[in-house]
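Student: The sequence and its predicted three-dimensional model are supplied below.
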Amino acid sequence: MLFPLSTPKTEAAQSLFLASDSFIHKSGWGPHVTGQLESALQAASLSQLTRPPTDVLRGDVAQQVRVVAQAEAAHFNLAAPLHLNGRPAAFPPGVIPRGVGPVFRICEIQDGYFASTGGMPLIFNSARVLLSELSSAYWPISYFYQWIADRCFDEAIVLQGETLVLADDIWEVNFCHWLVDTLPRLALLGPRRRVADFNVIVGPYAAPFQTDSLVALGITPERIHTASGNATFRCERMLVPTDLGRICHPAYKASSWATDFLRSAFPTPCSSTRPSRVYLSRGDASRRKIINDAELIDALGARGFRTVYLSELSFLEQAALLREATTVIGLHGAGLSHVVFMPSGGSVVEVFPSTYGTMSFWPLAVAGGSDYYTYNEESVVARERTQCDDIMLNVQDFTARLDTLLR
């Protein structure tokens, strides 16, 4: 859908502005927050505009872009998760969901514009007309930033050559999303990413692992451009993934083109000194921790596990460590994204607080040929929200169940 910024203001749009714009900016969370914003969009009768269709290349948009890379939709069976002490709430009862990887495309726009207007990744053609299907899921709000956009177009930073847009609707510096959602967008581009005039546009990130991983893929720091504030770029040839507003987490539902790319993109030499049994501790995290972590570390150490704090390792060191691990244990958290690097035939044990969790790491583990187990802990210490809750792990019960796997 083409969305010129001159579209007349409507009562619905005004309602949208009053209900959602103040929420986004007062909360300080940005447009990745969906709860109240979705309600506002529904109240404004615009909610249908926020979810791009399955085939995003429709109508006039398809005539303005050229598809330069594509991965077809994939449907595949995933090995069932194995629950050591009952099913965590994150896993639905009954039939195990199938892996469903959607179509993924990268489209080329000649002389296009990328704008981070109001924090939303927005894609414009050379005539400065918004291409909503390729933009943020929150693009209807962009009307209210028209005065910013008009100014930023004229002050846009010009990027020669090819520029791949990686900035999307996820604002946080989140390792999991970066590794399994963002980096695979480079999978279909092959060696072109190492060309001197190949650029990438990333979100307002600051974590070293993001630069380190791009450099390891052949993209030098001077070619990494940050979309901070209301940054606008005019790109000679802009490459736009079709998932900026509908991120298919994790790793495109374990599609092989994404997971195979991650395993092969960061080669590391084998080492006999790396442990085969690894415990990924969150003891240095600010939230969602195992309160009696020291007790668990002692118990696992007696079983040949090495405790690792990923914050102490570089990105490539983390990948190398997991590449040779045969058994990995960890509390639900971004560090478990590394299971995508594990060799086939391993085991992953994920500990869940009974109050929070997602199925994100199960498909990553089983797609790589590992067995996946869960352990559900009912002893929870409530924090400001369930996503942050700590646990008091029943170490005796956990290790007794673990021992059955290690025999």
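Tutor: All right, it came through fine.
Student: Report the distance from stretch 150-161 to the chain centre.
Tutor: 27 Å (CA atoms, centre = their mean, to the nearest Å).
Student: An error on my part: the question was meant for stretch 367-385.
Tutor: Computed by CA atoms, centre = their mean, the chain-centroid distance of stretch 367-385 equals 19 Å.
Student: Could you tell me which residues within it count as buried?
Tutor: Buried residues in stretch 367-385, counting neighbours by 16 or more other CB atoms under 10 Å, are found at 367-368, 370-377, 383. C-beta here means a position set from N, CA and C on the backbone, and glycine is covered the same way.
Student: wouldn't I219 be in contact with F198 here?
Tutor: Yes - counting by CB atoms under 8 Å, I219 sits close enough to F198 to count as a contact (7.1 Å).
Student: just to revisit the earlier point, so which of the buried residues of stretch 367-385 sit within strands?
Tutor: Applying DSSP state E to the buried residues of stretch 367-385, the entries found in strands are 371-377.
Student: Next, format these as CSV and append pLDDT.
Tutor: Listed next are these as CSV, based on pLDDT from 0 to 100:
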residue, pLDDT
D371, 96
Y372, 97
Y373, 97
T374, 97
Y375, 97
N376, 96
E377, 95
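Student: Rebuild these as TSV, extending it with distance to H75.
Tutor: As requested, those are exported to TSV (distance: CB to CB, whole Å):
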residue	distance to H75
D371	22
Y372	20
Y373	25
T374	24
Y375	30
N376	29
E377	34
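Student: now, which of these sits nearest C176?
Tutor: Among these, Y372 lies closest to C176 (CB to CB), at 16.0 Å.
Student: Which residue, other than its chain neighbours, is closest to that closest one?
Tutor: A365 (4.3 Å; CB to CB, 6 or more residues apart in numbering).
Student: got the contact list for that neighbour?
Tutor: 339, 342, 348, 371-372 (CB atoms under 8 Å, 6 or more residues apart in numbering).
Student: any weak-confidence spans in the stretch 251-400 of the chain?
Tutor: 269-272, 274 (pLDDT under 70).
Student: one more time with 90
Tutor: 251-256, 266-275, 285-287, 384-385, 387 (pLDDT under 90).
Student: The host helix or strand of Q318 packs against which elements?
Tutor: When elements are assigned from DSSP states H and E, Q318 belongs to helix 315-323. Helices and strands touching helix 315-323, by 3 or more CB pairs under 8 Å, 6 or more residues apart in numbering; DSSP states H and E, are helix 208-216.
Student: how about 10 Å then?
Tutor: helix 208-216, helix 256-265, strand 277-280, strand 306-308 (3 or more CB pairs under 10 Å, 6 or more residues apart in numbering; DSSP states H and E).
Student: most neighbours per residue, which of the ones you listed?
Tutor: Highest mean neighbour count among the helices and strands packed on helix 315-323 (mean count of other CB atoms under 10 Å): strand 277-280, with a mean of 22.
Student: where does that one sit relative to the chain's centre, distance-wise?
Tutor: With CA atoms, centre = their mean, you get 23 Å for strand 277-280.
Student: Give the pairing partners of that strand; include direction for each.
Tutor: strand 306-308 (parallel), strand 327-331 (parallel) (DSSP bridges).
Student: need these in TSV with distance to R282, can you?
Tutor: Below are the strands paired with strand 277-280 laid out as TSV (distance: least, CB to CB, whole Å):
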stretch	distance to R282
strand 306-308	11
strand 327-331	5
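Student: closest one to D169 among the ones you listed?
Tutor: So among those, strand 327-331 is nearest, using CB to CB, at 26.6 Å.
Student: max-length strand in the protein?
Tutor: Assigned via DSSP E, the chain shows its longest strand as strand 104-115.
Student: same for the helix or strand following that strand, what does it pack against?
Tutor: Per DSSP H and E, the first helix or strand lying C-terminal to strand 104-115 is strand 122-124. Counting contacts by 3+ CB pairs under 10 Å, 6+ apart, strand 122-124 packs against strand 104-115, strand 130-131, helix 146-154, strand 232-241.
Student: what mean pLDDT does the third one have?
Tutor: For helix 146-154, mean pLDDT is 75.
Student: just to revisit the earlier point, between the ones in strands among the buried residues of stretch 367-385, which is nearest I291?
Tutor: E377 (10.6 Å).
Student: The closest one reaches L393, doesn't it?
Tutor: Yes - taking contacts as CB atoms under 10 Å, E377 lies within contact range of L393: 5.6 Å.
Student: Please tell me how far the nearest residue to T117 once chain neighbours are set aside sits from A115.
Tutor: In space, T117 comes closest to Y145 once its chain neighbours are excluded; the distance is 4.6 Å by CB to CB, 6+ apart. Distance, Y145 to A115, by CB to CB, to the nearest Å: 9 Å.
Student: between the two, what contacts are shared?
Tutor: Contact with both Y145 and A115 is made by residues 122, 152, 230, according to CB atoms under 10 Å, 6 or more residues apart in numbering.
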